[in-house]
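Trainee: need a 3D model of the sequence below.
(one chain, ligands or ions: 1)
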Amino acid sequence: MIIDTHAHTTDERFNVDREVVIQNAFNLDVKIIFEIACETSHWNKVLELSKRDGIFASLGIHPSNASKVIHKDFDRLETLVQDKKCIAIGEIGLDYHYDSSIKNINFQKELFIRQVNIANKYNKPIIIHCRDAYNDMICVLKECEFALKGVVHCFSGNLKQAKIFIDAGFLLGIGGVLTYDESDDLRQIVSKTDMSNLLCETDCPYLAPQKYRGQRNEPSYIFETLREIARIKKMSFSEVVQTATQNALKLFSIY
Ligand SMILES: [Zn+2]
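Mentor: Next comes the predicted model:
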(Lines give C-alpha, C1' and ligand atoms only; values in the text may rest on other atoms or scores of the structure.)
Protein backbone atom coordinates (compact mmCIF):
# COMPACT_ATOMS: atom_id res chain seq x y z
CA MET A 1 0.00 0.00 0.00
CA ILE A 2 1.21 3.45 -1.00
CA ILE A 3 0.30 6.77 0.64
CA ASP A 4 0.37 10.12 -1.13
CA THR A 5 1.07 12.28 1.91
CA HIS A 6 0.44 15.60 0.16
CA ALA A 7 -2.21 16.19 -2.50
CA HIS A 8 -4.57 18.96 -3.54
CA THR A 9 -7.19 17.04 -5.51
CA THR A 10 -9.84 19.56 -4.47
CA ASP A 11 -8.00 22.02 -6.75
CA GLU A 12 -10.20 23.27 -9.59
CA ARG A 13 -7.88 21.63 -12.12
CA PHE A 14 -9.45 18.32 -11.07
CA ASN A 15 -13.05 19.52 -11.45
CA VAL A 16 -13.53 17.67 -14.73
CA ASP A 17 -12.24 14.25 -13.66
CA ARG A 18 -11.61 14.19 -9.87
CA GLU A 19 -13.38 10.86 -9.40
CA VAL A 20 -11.40 9.20 -12.19
CA VAL A 21 -8.09 10.54 -10.86
CA ILE A 22 -8.76 9.33 -7.31
CA GLN A 23 -10.06 5.95 -8.43
CA ASN A 24 -7.10 5.51 -10.75
CA ALA A 25 -4.73 6.10 -7.82
CA PHE A 26 -6.63 3.64 -5.57
CA ASN A 27 -6.52 1.02 -8.35
CA LEU A 28 -2.76 1.42 -8.59
CA ASP A 29 -2.28 0.74 -4.86
CA VAL A 30 -2.16 4.40 -3.76
CA LYS A 31 -4.71 3.46 -1.11
CA ILE A 32 -4.45 6.57 1.08
CA ILE A 33 -4.36 10.22 0.03
CA PHE A 34 -3.76 13.12 2.40
CA GLU A 35 -5.72 16.06 1.11
CA ILE A 36 -4.18 19.39 2.13
CA ALA A 37 -6.13 22.64 2.53
CA CYS A 38 -4.13 25.88 2.26
CA GLU A 39 -6.78 28.48 2.90
CA THR A 40 -9.89 28.90 5.00
CA SER A 41 -12.22 28.74 1.99
CA HIS A 42 -10.95 25.20 1.21
CA TRP A 43 -11.40 23.68 4.67
CA ASN A 44 -14.99 22.48 4.23
CA LYS A 45 -14.32 21.12 0.74
CA VAL A 46 -11.34 19.11 1.97
CA LEU A 47 -13.21 17.81 5.03
CA GLU A 48 -16.11 16.81 2.79
CA LEU A 49 -13.78 14.82 0.51
CA SER A 50 -12.14 13.18 3.54
CA LYS A 51 -15.42 11.53 4.50
CA ARG A 52 -14.52 8.91 1.92
CA ASP A 53 -12.50 5.82 2.78
CA GLY A 54 -8.80 6.30 2.07
CA ILE A 55 -8.83 10.09 2.22
CA PHE A 56 -7.65 12.12 5.21
CA ALA A 57 -7.57 15.89 5.68
CA SER A 58 -4.98 18.41 6.80
CA LEU A 59 -6.20 21.94 7.46
CA GLY A 60 -4.18 25.12 7.68
CA ILE A 61 -3.50 28.59 6.38
CA HIS A 62 -0.60 28.85 3.95
CA PRO A 63 1.81 31.78 4.57
CA SER A 64 0.87 33.38 1.26
CA ASN A 65 -2.62 33.88 2.70
CA ALA A 66 -1.28 35.56 5.87
CA SER A 67 -2.73 38.97 5.11
CA LYS A 68 -6.29 37.66 4.68
CA VAL A 69 -6.55 36.04 8.11
CA ILE A 70 -9.11 37.21 10.63
CA HIS A 71 -9.35 36.31 14.30
CA LYS A 72 -12.30 33.96 14.03
CA ASP A 73 -10.42 31.78 11.51
CA PHE A 74 -8.38 30.39 14.41
CA ASP A 75 -11.51 29.49 16.40
CA ARG A 76 -12.89 27.76 13.31
CA LEU A 77 -9.63 25.88 12.78
CA GLU A 78 -9.71 24.69 16.40
CA THR A 79 -13.22 23.33 15.91
CA LEU A 80 -12.53 21.65 12.56
CA VAL A 81 -9.25 19.96 13.52
CA GLN A 82 -11.18 17.87 16.02
CA ASP A 83 -12.83 16.03 13.10
CA LYS A 84 -11.71 12.40 13.24
CA LYS A 85 -10.48 12.48 9.62
CA CYS A 86 -8.30 15.57 10.21
CA ILE A 87 -4.82 14.16 10.79
CA ALA A 88 -2.64 17.29 10.72
CA ILE A 89 -2.35 21.07 10.64
CA GLY A 90 -0.94 22.33 7.39
CA GLU A 91 0.37 23.39 5.17
CA ILE A 92 1.66 26.18 7.35
CA GLY A 93 5.03 27.91 7.36
CA LEU A 94 7.13 30.66 5.85
CA ASP A 95 7.48 31.65 2.20
CA TYR A 96 9.98 34.40 1.33
CA HIS A 97 10.09 33.59 -2.37
CA TYR A 98 8.27 36.67 -3.59
CA ASP A 99 9.52 40.20 -2.99
CA SER A 100 6.11 41.18 -1.66
CA SER A 101 6.43 38.59 1.12
CA ILE A 102 9.27 40.57 2.74
CA LYS A 103 6.70 43.10 3.91
CA ASN A 104 4.76 40.53 5.91
CA ILE A 105 7.45 38.35 7.47
CA ASN A 106 6.17 39.14 10.96
CA PHE A 107 2.60 38.33 9.93
CA GLN A 108 3.79 35.02 8.50
CA LYS A 109 5.67 34.11 11.68
CA GLU A 110 2.74 35.02 13.90
CA LEU A 111 0.33 33.05 11.73
CA PHE A 112 2.64 30.02 11.79
CA ILE A 113 3.10 30.06 15.57
CA ARG A 114 -0.62 30.43 16.25
CA GLN A 115 -1.30 27.34 14.13
CA VAL A 116 1.56 25.42 15.76
CA ASN A 117 -0.08 26.14 19.12
CA ILE A 118 -3.37 24.67 17.88
CA ALA A 119 -1.52 21.60 16.57
CA ASN A 120 0.07 21.10 19.98
CA LYS A 121 -3.17 21.59 21.85
CA TYR A 122 -4.81 18.79 19.84
CA ASN A 123 -1.66 16.69 19.49
CA LYS A 124 -1.56 16.86 15.69
CA PRO A 125 1.58 16.83 13.55
CA ILE A 126 2.28 19.87 11.36
CA ILE A 127 2.89 19.92 7.62
CA ILE A 128 5.43 22.67 7.01
CA HIS A 129 5.66 24.71 3.83
CA CYS A 130 9.03 26.45 3.71
CA ARG A 131 10.39 28.31 0.72
CA ASP A 132 13.57 30.40 0.82
CA ALA A 133 13.13 30.69 4.59
CA TYR A 134 14.88 27.68 6.12
CA ASN A 135 17.08 29.52 8.61
CA ASP A 136 14.18 31.59 9.89
CA MET A 137 12.02 28.48 10.14
CA ILE A 138 14.67 26.76 12.25
CA CYS A 139 14.85 29.83 14.55
CA VAL A 140 11.07 29.97 14.93
CA LEU A 141 10.84 26.24 15.73
CA LYS A 142 13.62 26.57 18.31
CA GLU A 143 11.56 29.24 20.07
CA CYS A 144 8.63 26.84 20.43
CA GLU A 145 8.64 25.45 23.94
CA PHE A 146 7.33 22.01 23.14
CA ALA A 147 8.50 19.03 21.19
CA LEU A 148 6.93 19.17 17.75
CA LYS A 149 6.32 16.50 15.17
CA GLY A 150 5.61 16.77 11.52
CA VAL A 151 7.02 16.89 8.03
CA VAL A 152 8.85 19.53 6.01
CA HIS A 153 6.84 19.15 2.84
CA CYS A 154 8.69 19.37 -0.51
CA PHE A 155 12.00 19.74 1.31
CA SER A 156 14.30 22.15 -0.52
CA GLY A 157 16.88 23.08 2.10
CA ASN A 158 20.50 21.94 2.31
CA LEU A 159 21.98 18.89 4.03
CA LYS A 160 22.84 20.79 7.20
CA GLN A 161 19.28 22.08 7.50
CA ALA A 162 17.92 18.61 6.74
CA LYS A 163 19.90 17.26 9.72
CA ILE A 164 18.56 19.98 12.03
CA PHE A 165 14.96 19.14 11.15
CA ILE A 166 15.53 15.41 11.50
CA ASP A 167 17.25 15.87 14.87
CA ALA A 168 14.21 17.90 15.94
CA GLY A 169 11.99 14.93 15.07
CA PHE A 170 10.72 16.02 11.67
CA LEU A 171 10.54 13.97 8.50
CA LEU A 172 11.42 15.27 5.04
CA GLY A 173 8.67 15.23 2.40
CA ILE A 174 10.04 14.19 -1.00
CA GLY A 175 8.12 14.66 -4.24
CA GLY A 176 8.51 14.94 -8.00
CA VAL A 177 11.30 17.53 -7.75
CA LEU A 178 13.60 14.62 -6.90
CA THR A 179 13.29 13.39 -10.50
CA TYR A 180 14.32 16.71 -12.10
CA ASP A 181 17.64 16.91 -13.93
CA GLU A 182 18.76 19.88 -11.85
CA SER A 183 18.02 18.27 -8.46
CA ASP A 184 21.47 16.83 -7.68
CA ASP A 185 21.52 18.48 -4.25
CA LEU A 186 18.22 16.90 -3.25
CA ARG A 187 19.35 13.49 -4.56
CA GLN A 188 22.46 13.87 -2.40
CA ILE A 189 20.31 14.63 0.67
CA VAL A 190 18.06 11.64 -0.02
CA SER A 191 21.06 9.34 -0.44
CA LYS A 192 22.50 10.48 2.91
CA THR A 193 19.22 10.41 4.85
CA ASP A 194 17.93 7.23 6.42
CA MET A 195 14.71 6.00 4.79
CA SER A 196 13.02 6.15 8.22
CA ASN A 197 13.16 9.96 7.97
CA LEU A 198 11.51 10.32 4.56
CA LEU A 199 7.91 10.67 3.41
CA CYS A 200 6.73 10.48 -0.18
CA GLU A 201 4.26 12.94 -1.68
CA THR A 202 3.07 14.40 -4.99
CA ASP A 203 1.87 17.96 -4.13
CA CYS A 204 -0.48 17.47 -7.10
CA PRO A 205 -1.54 19.31 -9.23
CA TYR A 206 1.86 21.00 -8.83
CA LEU A 207 5.40 19.70 -9.42
CA ALA A 208 4.74 16.74 -11.72
CA PRO A 209 7.74 14.38 -11.94
CA GLN A 210 10.15 14.71 -14.88
CA LYS A 211 8.25 12.25 -17.07
CA TYR A 212 5.11 14.41 -16.86
CA ARG A 213 6.79 17.76 -16.23
CA GLY A 214 4.66 20.74 -17.21
CA GLN A 215 1.48 18.67 -16.99
CA ARG A 216 -1.02 18.42 -14.15
CA ASN A 217 0.37 16.16 -11.43
CA GLU A 218 -1.75 13.32 -9.97
CA PRO A 219 -1.50 11.00 -6.93
CA SER A 220 -0.73 8.02 -9.20
CA TYR A 221 2.46 9.73 -10.43
CA ILE A 222 3.97 9.10 -6.97
CA PHE A 223 5.48 5.93 -8.48
CA GLU A 224 8.07 8.06 -10.29
CA THR A 225 9.35 9.49 -7.01
CA LEU A 226 9.29 6.15 -5.19
CA ARG A 227 11.30 4.55 -8.02
CA GLU A 228 13.82 7.39 -7.92
CA ILE A 229 14.26 7.02 -4.14
CA ALA A 230 14.81 3.27 -4.62
CA ARG A 231 17.41 3.95 -7.33
CA ILE A 232 19.29 6.57 -5.28
CA LYS A 233 19.28 4.55 -2.06
CA LYS A 234 19.94 1.23 -3.79
CA MET A 235 16.92 -0.26 -2.08
CA SER A 236 14.18 -2.41 -3.60
CA PHE A 237 11.02 -0.61 -4.68
CA SER A 238 8.89 -2.59 -2.23
CA GLU A 239 11.25 -1.80 0.65
CA VAL A 240 10.96 1.94 -0.11
CA VAL A 241 7.17 1.72 -0.33
CA GLN A 242 6.89 -0.26 2.88
CA THR A 243 9.09 2.10 4.88
CA ALA A 244 7.53 5.29 3.48
CA THR A 245 4.07 3.93 4.29
CA GLN A 246 5.04 2.93 7.83
CA ASN A 247 6.59 6.36 8.40
CA ALA A 248 3.38 8.08 7.33
CA LEU A 249 1.04 5.83 9.34
CA LYS A 250 3.17 6.36 12.44
CA LEU A 251 3.61 10.13 12.14
CA PHE A 252 -0.08 10.75 11.46
CA SER A 253 -1.32 8.13 13.94
CA ILE A 254 -3.36 6.10 11.45
CA TYR A 255 -3.98 2.54 12.55
ZN1 LIG B 1 0.97 21.66 -1.20
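Trainee: for stretch 20-30, list every residue counted as buried.
Mentor: 21, 22, 25, 26, 30 (16 or more other C-beta atoms under 10 Å). Glycine gets a C-beta too; all of them are placed from N, C-alpha and C.
Trainee: now swap in stretch 185-196 and tell me
Mentor: Result for stretch 185-196 [16+ other C-beta under 10 Å]: buried residues 186, 187, 189, 190, 193, 195.
Trainee: save those as CSV, and put in distance to residue 105 too.
Mentor: Listed next are those as CSV, based on distance: C-beta to C-beta, whole Å:
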residue, distance to residue 105
186, 26
187, 31
189, 26
190, 30
193, 29
195, 35
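Trainee: which of the residues you listed fall in helices?
Mentor: Counting by DSSP state H, the buried residues of stretch 185-196 place 186, 187, 189, 190 in helices.
Trainee: ok, which pair from those residues is furthest apart?
Mentor: Using C-beta to C-beta, those reach their maximum pairwise distance at 187 and 189, which is 7.4 Å.
Trainee: which one of the buried residues of stretch 20-30 is nearest to residue 104?
Mentor: Nearest to residue 104 among the buried residues of stretch 20-30 is residue 21, at 34.2 Å by C-beta to C-beta.
Trainee: for the residue nearest to the closest one when sequence neighbours are not counted, give me the pLDDT.
Mentor: Leaving aside its sequence neighbours, residue 21 sits nearest to residue 218 (C-beta to C-beta, 6 or more residues apart in numbering; 5.3 Å). At residue 218, the model reports a pLDDT of 98.
Trainee: wait, residue 218 sits on residue 204?
Mentor: Yes: using C-beta atoms under 8 Å, residue 218 is in contact with residue 204, at 5.2 Å.
Trainee: where does the stretch 51-200 of the chain have low pLDDT?
Mentor: Residues of the stretch 51-200 of the chain that meet the criterion pLDDT under 70 lie in 99-103, 145-147.
Trainee: that one: strands as residue ranges?
Mentor: Assigned by DSSP state E, counting those that start in this stretch, the stretch 51-200 of the chain shows strands spanning 55-59, 86-95, 126-131, 150-152, 170-174, 198-200.
Trainee: so which of these is the most packed in?
Mentor: Among these, strand 150-152 has the highest mean neighbour count (mean count of other C-beta atoms under 10 Å), at a mean of 27.
Trainee: give me the neighbour count for residue 71.
Mentor: 7 (other C-beta atoms under 10 Å).
Trainee: against residue 40, how distant is it?
Mentor: From residue 71 over to residue 40 the distance is 12 Å, taken as C-beta to C-beta, to the nearest Å.
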